[in-house]
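Peer 1: generate coordinates for the sequence data below:
(chains A, B and C)
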Amino acid sequence: MKGRTSVQPGYYPGFSTLGQQANWDEATRATVLKRVARSLELHFFTPEEAPLIEAIFEHILPQIDRDEKYRIPIVPVVDERLHTNRLDGYRYENMPPDQEAYRLGMQAIEEIARGKDGRGFLELTPLEQDKLLRTLHDGKPEGAHHIWERMPVHRFWMLMVQDAAEAYYAHPYAWDEIGFGGPAYPRAYMRLERGEAEPWEVEEQRYEWEAPEDSVSDIYELISGHDLHQATPGQGGTH
Amino acid sequence: MNPLKKYLFNERNGNGHALGPIQEIDVPMRRFGEEEVDYVVIGVGSAGGVLLQRLARAGFRVLGLEAGPFWNTERDWVSDEAGSHNLYWEQLRITGGTHPLALGANNSGRGVGGGSVHWAAFTPRLHPSDFRIHSEDGVGIDWPMTYEELKPYYEQLELEMPVAGPAYYPWGDPHGYAYGPHPMGGAGDVLIQGCTKLGIGVSIGGPVAILSGSHGDRQHCIYRGFCIQACKVGAKASTLITHVPDALRSGAEIRDDSMVSRIHVNKENRVTGVSYFDVHGQEHFQRAKAVIVSGYAIETPRLLLNSACPGHENGLANSSDTVGRYLMAQAGNVVLGRFHDLVRIYKAPPAHALTEEFYETDSKRDFARGFAIQTVGPLPIAFAKQMMTAKGAWGWGLRRIMMDYNHWAAIALLGEILPWPENRVQLAEAKDRFGIPVAKVTFGLHDNDEKLIEFGKNKVIEVMGAAGAEEVVQETRFAHLVGAARMGTDPRTSVVDKYGRTHDVANLFVCDGSILPTQGSANPGLTIQALAARTGDYLIAQGESIFNTNHRDMMQPAIRRDLAPPGTYGRGVPRLANLTS
Amino acid sequence: MDKAKMQRLELQRVVEMERPGQSLESEGLDAIEAVDEHLREGRFQRGLALLSGASSLLTGLEVGYEHYRGSYSRRVMYTPVALSLLLVAGAAAGFMSRRGARRVLRPIAALTLADGVLGFYFHLRGIARKPGGWRFPMTNMVMGPPVFAPLLFGISAYLGLIASYLRREDDADHPADDIAWIPRAAHEHHWTKALPGKRISKPETITLSQDLREGKFQKHMALAAAFAAFFSGFEAFYSHYKNNFRYKAQWTPVVLSPMLIAACIAAMRNRKPAHTWLPALSAAAVVDGGVGFFYHARGIFRRPGGRKHLLYNVLYGPPILAPLLFSACGMLGLLASLMRRES
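Peer 2: Coordinates of the predicted model:
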């Protein structure tokens, strides 16, 4: 990892949204603090499945540049959603329920890995793992076609990235990383224009940031082979 | 409490049910029990909230049944993106077709206030041309009413919300707004910059139903940008704070966490009441002299279809086979641009500037109808998801682009998609936790829609480029839902008449976004509330005859400005249009 | 003989009396000295009425659009707009005639002053009612109603009030000569009770009133200038703070106003600073306001949409008239420095 090594990646050194919690309302503070101190126990994924799903999400949203103490839990968040059957309000007609989709997807990934030279996904090198996952991103999985017939690969891919993004960017450590101000009630903003920082925000300090060499996810392209609309994940409303 | 402290910090007494930092409901709610009421309103959202208020104020015994909770804004709402998912209809729905719609967070609410709790609150009116697109352009269908019939209700609701915007709004039927425009945030500046450069007119600081001044106990906007996570400030209008308090004070009852499963019809073909499940899963029957369905474009047809019974085998009020059909969403492509300088798009409301310069049909283009361009303000999670589709970002790439979050601005297309019979809501095999079949939504685009989206998308990209973006990407998506129980004059091709009364059952009404025959390129919230106020006036003018006869009187009722919630008048800028009329 | 000629002769007489051998025509400087003389003797009712009218016009325009930003969400928000227009009319009446000054300008000015105080109350309350209220004083002052603006608005009313008690430029030199318009017993006028000498006995009230007529209220005027500089400077501070002091020049009113306040206080205590520091800093404030006006205008044109959306950009760009109000504070200081001290 080139660039700076610090507990907090990103261009806003020292920025801490949690440090602003005295200016938040009670309900919001409780919600965010609960997220920071959440239990890492798994209920949906079995102990056998856990290492595999952990390894997959370590590529979907890698955070090896983060200090151990400041890693953002992703799998426990996804696990809770699946365990409590919290939906986004819809399911694609050609998709199985989310719980089944995850089990099928993990099975497919393991199958693809073993299909090459018998090694399981966990035994591949990080670069090999990244490359395998990239084939799913590209919509060109090299194997497990019987599973992809039951579940379109791009929809499964979107499901995972979406879940990862929802867990990661809901966390105050991620807000510090990207310079997002976090909760803003009752104290809100007064500098609305030109990207000016509030007195309690931090000015941007850019540096050259590079992904590890044994990864391929930093070079991304549009998902090929599918119409864009089919890739629409249906995120939270913007208008 | 120390009076100086009370003055300086304005602390709420804390005894009532909080509807904002200051506003609270201090009256005990009336309880009707299982006795027969005059009206049951199913769904207390944009339309339901207004209807309850009007009917209660006119002295009717009205009961609102709402599937979601009655929010206490201080306790239940958070200034947090992920923590606000419970505002949306998260229950299962199946989506499909050639262009499947993402549902839930995107377009339907749950809880008192409904979608108006999490809308961005853009409130443009429809244009006069929207009411006759079949006559003018040969597409879609004409409305059973004209713009002029709805206009007084637009003006009325713009005061009741109230709507902030420019003193002169040039598009459609030109008009001005009672509350002044808002200051700009980063996305607004980008839209203005781009439009000005290209010589495109732009409306700055509205029209949005967000306060740019105090309004009784409701506060001026604080520009925190969490509009679609529900406004804890009480600045953004939702029927929860604009109409529901007055409805309760006027004697209405709202039963929250009550999921209606079926509407009952007797042998005389009149509605007798509804069945609903309470929060404990207990089923109840509520008798009513008349029923109004205000469940929005998916739950309304789902309920009508689930209420099939002898005499209504295809679903209640569905002799035309139009219940569930002609569902519409608007094209909502989001165009994102990276700027060299910081933008910090999370500040200021997502809705604050727009242009309707391309709204009308233009013979120089190869498609009918048009589109608007509006600001949007994705918070980190929404932005990350946009980047994963717009750029295919994941892994380190997603981390990298998110580190640049503060450099990106977003503006969006809002384009008219025409009504098609095969875009519809049906019943799926899957059932919800009460055993009620869930909705299956099928959606696809037609030639005109695709051409419109292509042209519109490129226009938005052009604006983003003109504003000085270094890199421009776009994400295809849809916004809003209307149709699926459309109104019309012909009972063979529509579900309800122009007052929302079903053609098939004389004391059954539908009043919400689902009755819109076409949608224009305007966000539907204002139109839905205006239609609700108009239906309210009609029901009040008809009085007891709704309960006693099957007679259908189509006389236009006089607008009842006196039934507006207290405090509607005497605020805001006097407008020339009002003084002269 | 027409009035203008009479005035001229009168002026000539004053000049000759003070500086024998000099004629009015000798130098332009003499004309300035004549004005100076009028000020010193409290014979500047027309001038002050004019100043009050002009500043009232500025504040009226400013409050007009500032309250439009607040959407006139309370009817009371119309009062300062209506009153400032009335005050302009009152000032015109005061300019035209002595009777106008006393019968029209005075009551309007008093009412406007009261409205300014009322506005201050409402603005304080408005900030208190914002989420978090005074727990976030900076955020809520910046984003809420401008806390001191109503009092600043009161300053022009205050000037009008003073003007209504002055002698006119064409009055005779000695107070005794124009006994006809002198209030026989100033304590009958309730407004004097609102002046700083609130708790003083009747004879002293008469003295103050007498001093006013004779132009002997330098300390008093310096105090008014200090208050105005405080209000205006404070507004400049937090609105420039909102902008994060992006331009170094944004510090100038923030630095200048305390200095001006200090000079005013010094002038109240001592005669000397009234003729040195006070005019110097006041002049600097006048110039700074002018420069600020230029920058604010430029800022408006540089906003997105620039001149294409001029009205909106005036509304939400840098407050175009605020620097001129800062200049007006300087004018007050200059005025004070030219006056005689209270007896």
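Peer 1: for C:Ala322, see how far away C:Ile299 is.
Peer 2: For residue C:299 the amino acid is Gly, not Ile. 12 Å (C-beta to C-beta, to the nearest Å). Just so you know, the C-beta spots here come from the backbone N, C-alpha and C atoms, and that holds for glycine as well.
Peer 1: who has more neighbours out of those two?
Peer 2: C:Ala322 (24 against 17; other C-beta atoms under 10 Å in any protein chain shown).
Peer 1: so what's that one up against?
Peer 2: Contacts for C:Ala322 (C-beta atoms under 8 Å, 6 or more residues apart in numbering or on different chains) come out as C:Glu62, C:Ser232, C:Glu235, C:Ala236, C:Ser239, C:Gly292, C:His296.
Peer 1: burial count for the fourth one?
Peer 2: If I follow you right, that is C:Ala236. 26.
Peer 1: need phi/psi at whichever residue of chain A sits closest to chain C.
Peer 2: For chain A, the residue closest to chain C is A:Pro186, as judged by C-beta to the nearest C-beta, at 3.4 Å. Dihedral angles of A:Pro186 (phi, psi; degrees, to the nearest 10) stand at phi -80, psi -20.
Peer 1: that one bridge partners, please.
Peer 2: Under DSSP bridges, the beta-bridge partners of A:Pro186 are A:Trp24.
Peer 1: residue contacts, it?
Peer 2: A:Asn23, A:Asp25, B:Pro21, B:Ile222, C:Pro131, C:Gly132, C:Arg135, C:Phe136.
Peer 1: in which helix or strand does the fifth one reside?
Peer 2: Which is C:Pro131. Following DSSP states H and E, there is no helix or strand that holds C:Pro131.
Peer 1: what about it, neighbour count?
Peer 2: A total of 27 residues lie near C:Pro131 under the criterion other C-beta under 10 Å.
Peer 1: with adjacent residues omitted, what lies nearest to it?
Peer 2: A:Pro186 (3.4 Å; C-beta to C-beta, 6 or more residues apart in numbering or on different chains).
Peer 1: what pLDDT is listed against that neighbour?
Peer 2: What the model reports as pLDDT for A:Pro186 is 91.
Peer 1: cool, C:Ser73 as well?
Peer 2: Value for C:Ser73, per-residue pLDDT: 89.
Peer 1: ok, it - contacts?
Peer 2: Contacts of C:Ser73 by C-beta under 8 Å, 6+ apart are B:Tyr179, B:Leu211, B:Gly213, B:Ser214, B:His215, B:His220, B:Arg571, B:Gly572.
Peer 1: closest one to chain A out of those, please.
Peer 2: Of the contacts of C:Ser73, the one sitting nearest to chain A (C-beta to the nearest C-beta) turns out to be B:His220, at 11.0 Å.
Peer 1: what residue in chain B comes nearest to chain C?
Peer 2: In chain B, the residue that lies nearest chain C is B:Gly213 (3.1 Å; C-beta to the nearest C-beta).
Peer 1: coming back round to it: what is the nearest of the contacts of C:Ser73 to A:Gly139?
Peer 2: Using C-beta to C-beta, B:Leu211 comes nearest to A:Gly139 of the contacts of C:Ser73, at 47.0 Å.
Peer 1: residues touching the residue of chain B closest to chain C, list them.
Peer 2: B:Gly213 sits next to B:Ala164, B:Tyr179, B:Gly180, B:His220, B:Arg571, B:Gly572, C:Arg69, C:Gly70, C:Ser71, C:Tyr72, C:Ser73 when contact means C-beta under 8 Å, 6+ apart.
Peer 1: surely the fourth one and B:Cys231 touch.
Peer 2: Right, B:His220. No: B:His220 is not in contact with B:Cys231 according to C-beta atoms under 8 Å; the separation is 11.7 Å.
Peer 1: who's more crowded, these two?
Peer 2: Comparing B:His220 with B:Cys231 by other C-beta under 10 Å, the one with more neighbours is B:Cys231, at 31 against 28.
Peer 1: you'd agree the more buried one is in a helix?
Peer 2: No: according to DSSP: H, G, I helix; E, B strand; the rest coil, B:Cys231 belongs to no helix; its state is coil.
Peer 1: ignoring the adjacent residues along the chain, who's closest to it?
Peer 2: In space, and not counting its chain neighbours, B:Cys231 is closest to B:Ser238: 7.2 Å by C-beta to C-beta, 6+ apart.
Peer 1: just checking, C:Ala263 touches C:Leu332?
Peer 2: No: between C:Ala263 and C:Leu332 there is no contact under C-beta under 8 Å: 11.8 Å.
Peer 1: find the residues that touch each one of those two.
Peer 2: Counting by C-beta under 8 Å, 6+ apart, the residues touching both C:Ala263 and C:Leu332 are C:Ser282.
Peer 1: so for stretch B:29-43, mean pLDDT?
Peer 2: Stretch B:29-43 comes out at a mean pLDDT of 92.
Peer 1: do me a favour and get the end-to-end distance for that stretch?
Peer 2: 17 Å (C-alpha to C-alpha, to the nearest Å).
Peer 1: residues from chain A in reach of chain C?
Peer 2: Applying C-beta under 8 Å from any C-beta of the partner chain, we find that chain A lies next to chain C at A:Asn23, A:Tyr185, A:Pro186, A:Arg187, A:Ala188, A:Tyr189, A:Met190, A:Arg191, A:Glu196, A:Ala197, A:Pro199.
Peer 1: most neighbours among the residues you listed, please name it.
Peer 2: Neighbour max across the residues of chain A next to chain C (other C-beta under 10 Å) = A:Ala188, 28 neighbours.
Peer 1: mind listing what that residue touches?
Peer 2: So A:Ala188 contacts B:Ile222, B:Tyr223, B:Arg224, C:Pro131, C:Thr139, C:Met143 (C-beta under 8 Å, 6+ apart).
Peer 1: okay, those residues in a markdown table with pLDDT, secondary structure and distance to B:Gln386 next?
Peer 2: As requested, those are exported to a markdown table (pLDDT from 0 to 100; DSSP: H, G, I helix; E, B strand; the rest coil; distance: C-beta to C-beta, whole Å):
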| residue | pLDDT | secondary structure | distance to B:Gln386 |
| --- | --- | --- | --- |
| B:Ile222 | 94 | coil | 25 |
| B:Tyr223 | 94 | coil | 22 |
| B:Arg224 | 93 | coil | 21 |
| C:Pro131 | 89 | coil | 29 |
| C:Thr139 | 91 | helix | 30 |
| C:Met143 | 92 | helix | 29 |
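Peer 1: save these as a markdown table, and put in distance to B:Pro437 too.
Peer 2: Listed next are the contacts of A:Ala188 as a markdown table, based on distance: C-beta to C-beta, whole Å:
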| residue | distance to B:Pro437 |
| --- | --- |
| B:Ile222 | 43 |
| B:Tyr223 | 44 |
| B:Arg224 | 40 |
| C:Pro131 | 44 |
| C:Thr139 | 50 |
| C:Met143 | 49 |
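Peer 1: closest one of these to A:Arg114?
Peer 2: Nearest member of the contacts of A:Ala188 to A:Arg114, counting by C-beta to C-beta, is B:Arg224, at 50.6 Å.
Peer 1: my guess is that closest one contacts B:Val233. True?
Peer 2: Yes: with contact defined as C-beta under 8 Å, B:Arg224 counts as touching B:Val233 (7.2 Å).
Peer 1: give me the common contacts of the two.
Peer 2: A:Tyr185.
Peer 1: more crowded one of these two?
Peer 2: Between B:Arg224 and B:Val233, counted using other C-beta under 10 Å, the more crowded position is B:Val233 (28 against 25).
Peer 1: which residues are in contact with B:Ile461?
Peer 2: Contacts of B:Ile461 by C-beta under 8 Å, 6+ apart are B:Val335, B:Val472, B:Gln474.
Peer 1: confirm that it sits in a strand.
Peer 2: No: checked against three-state DSSP, B:Ile461 lies outside a strand; its state is helix.
Peer 1: distance check, it against A:Glu93.
Peer 2: 31 Å.
Peer 1: got the buried residues for the longest strand seen in chain B?
Peer 2: Of all the segments of type strand in chain B, defined by DSSP state E, the longest one is strand B:283-293. Neighbour-count burial for strand B:283-293, counted by 16 or more other C-beta atoms under 10 Å in any protein chain shown, picks out B:His284, B:Gln286, B:Ala288, B:Lys289, B:Ala290, B:Val291, B:Ile292, B:Val293.
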